[in-house]
Each structure stands twice: as structure tokens, then as C-alpha cells.
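1. requesting a structural model of the entry that follows:
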Amino acid sequence: MPAVLFAGLIAAPAVAQDAPADRPPSVAGPADPNADDGRDTLTIGGGVAFLPSYEGSNNYVVIPAAAVRGRVSGFNFSTRGTVLSVDLLRDRSSHGFDVQFGPAINVNFNRIGRRVDQAVLLLTTRKIALEAGGFFGVAKTGVFTSPYDSLGASVTVLADTTGIHNSYTITPTVNYGTPLSRKAYVGVSVSGTWAGDGYARSYFAVTAPESVRSGLPVFTNPKGGFKNYSIGALGTYSLTGDLRHGLGIYVVGNYSRLQGDFARSPLVSVVGNPNQWIGAVGLGYTF
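-> So this is what the prediction gives:
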């Protein structure tokens, strides 16, 4: 399985584009809110991730992980999971509100690579799907605990461009993050995903020939719908300087539960588990 990109390895909330460029939530403590002049910045992180071997699996693998976020000329970009998004709007009100809109792309590695379960190994291998779309969101800084905490909401829509599942996903997300000091930051997020029929059939169906080979029950026509909900948390601590620059350590955890036909699929109900966990730890450097 290829290295996973995930936003937890960066000093930012779960959805990095929700951070206003002139007042990033990674700025902590009694710092002057005007200290950050909107300069260009780049954070690169790397580490290891612990995650299911496929979506719905009860077997877990440890793989390399990486993430990136930054700002160039006022435009923010970031990775979240395997999704890369770019905020094309630089507009921001004087009251800490920020509207975000821009393109997003995802490389879907589901059912690719290190599948552990022997029955699943006997199913037809899937190819990597490239999904493209966009996102829209709003965020506000200075909500509860400090002038630098941030509350945001966004919706990401992605569609397959490679003919692998010929379908789409819609993912609304709400996230909150706050600095605890100049060196420490925590964030939480809640999200859910709606997936189309093609997505369900491609990744959760079991055809009659596959049933004969694997011993799994036939499950030929799963329906799309509400696929899963997720709850995530992250923490970061600066090892040098403060959260605005230098080296830091990052820890991420995420729980999700599959729903509907996604949970009823034999890949989940027989040889997997609807409860899915992801954990990651790594180092990142902010320039």
C-alpha cells in the first residue's frame, strides 16, 4: 500500500484550509495577532500510520505516512487523508470570518496493496481511482477560548475520473482547534460521507464468481447512501521555537463506523468490522 497522506502531521486543524491566512490557529498564547503578516509558509510532515488494510477490514497494517500544508501568495493548500485541496479565495472579513472555495483531488487506494484477509485476497483486485471535485467552507477565529481558536465547517464533493467506480462521495466536516500555548495545539473534527451506488458496488460487492473463489456470501447489488461517520482528534507540540516555525511532533487518531449496505457487505460483516480506527505519529517541519 502506498504512503498515506494525512493532515494530522501538520501544525494546523484537521481541515487546514479553515485557518485564516493572517491569523493561523497554530499561533498560540498572548502573541500579537498582527505578528503574522500573511507570509508564505510550508509545513512538511512524515511518520507512520496504523490503519485497516482496506475499508471495512478488521486487519491493520503499519505504513509510511506524509502530509503537507502551506500558503503561497495568500492561497492556502493542504492534504487531509489522501485528499489535496487548494483554497482559491483570499477574502476575509474584519470579524474573523473566512469563506473557502477551491478544487480538491483524491487518490483512492481502497482494495489496493496490502490486503491481509485471505478471503479478500481471492476477490478481484481494484485499480487506483483518481477522484476530482471541490470544496466549500466557512470558518471563524476567536470563537471560544482565545483570539486564535477556530471553528469551521466545509463540504467536499469528489467524483471518479478514471472509470474505476464511476461514482461520487460527499463529505461534510465540522472542525474545531485551539492552541494551548505557544508550543501546543489540539483539534477535533466530526464528519460523515455519502457515497453513490457505483462506489458501493465497486468496493463492497461480492459477485458469484468471487463468492465461489473466496467462500464469502454473494452480495451483488449494494446500494449507496450514508457510508460512514467519523470522529477525529489531533495534537501537536513544537520541539523547537513555537508552532509557527521549526520542528514539531504530531499525533492523530480517528474513529469511523460504516453504515447501511457498506456495513452489511460480507467484506465487513463476515471478515471485517464496521468499526474502523486510524492512528498516526510523526514529525513535521514548518518553514
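2. could you pull out the helices in the stretch 101-250 of the chain for me?
-> 118-121, 197-204, 208-214 (DSSP state H, counting those that start in this stretch).
3. least confident secondary structure element in this structure?
-> strand 4-5 (a mean of 50; mean pLDDT, DSSP states H and E).
4. just to revisit the earlier point, as TSV, the helices of the stretch 101-250 of the chain with mean pLDDT and distance to residue 67 would be great.
-> Every C-beta, even on glycine, is put in place using the N, C-alpha and C of the backbone. Output for the helices of the stretch 101-250 of the chain, formatted as TSV (pLDDT from 0 to 100; distance: least, Cβ to Cβ, whole Å):
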stretch	mean pLDDT	distance to residue 67
helix 118-121	90	28
helix 197-204	98	24
helix 208-214	96	35
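5. pick the most buried one from those.
-> helix 197-204 (a mean of 22; mean count of other Cβ atoms under 10 Å).
6. check the offset of that helix from the chain's centre.
-> 20 Å (Cα atoms, centre = their mean, to the nearest Å).
7. that helix - contacts with which helices or strands?
-> Helix 197-204 is packed against strand 225-238, helix 260-264, helix 266-269, with contacts defined by 3 or more Cβ pairs under 8 Å, 6 or more residues apart in numbering; DSSP states H and E.
8. how many neighbours does the closest residue to residue 73 other than its chain neighbours have?
-> Spatially, and ignoring its direct neighbours in sequence, residue 73 is nearest to residue 40 (7.0 Å; Cβ to Cβ, 6 or more residues apart in numbering). Using other Cβ atoms under 10 Å, residue 40 has 12 neighbouring residues.
9. residue contacts, residue 40?
-> Counting by Cβ atoms under 8 Å, 6 or more residues apart in numbering, residue 40 touches 70, 71, 72, 73.
10. please identify the buried residues of the helix or strand where the second one lies?
-> Here residue 71, judged by DSSP states H and E, is contained in strand 60-72. When neighbours are counted by 16 or more other Cβ atoms under 10 Å, the buried residues of strand 60-72 are found to be 61, 63, 65, 66, 67, 68, 69, 70, 71.
11. now render those residues as TSV, adding pLDDT and distance to residue 245.
-> Formatted as TSV, the buried residues of strand 60-72 follow (pLDDT from 0 to 100; distance: Cβ to Cβ, whole Å):
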residue	pLDDT	distance to residue 245
61	93	33
63	92	29
65	92	22
66	92	20
67	92	17
68	93	16
69	92	14
70	93	13
71	90	13
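12. out of the residues you listed, which is nearest to residue 253?
-> Residue 253 lies nearest to residue 65 out of those, by Cβ to Cβ, at 13.2 Å.
13. so the closest one touches residue 284, yeah?
-> No - with contact defined as Cβ atoms under 8 Å, residue 65 does not reach residue 284; the gap is 10.9 Å.
14. any idea which helix or strand comes after the strand holding residue 71?
-> strand 75-80.
15. low-confidence ranges, this protein, go.
-> Within the chain, the ranges that satisfy pLDDT under 70 run 1-38, 91-94, 115.
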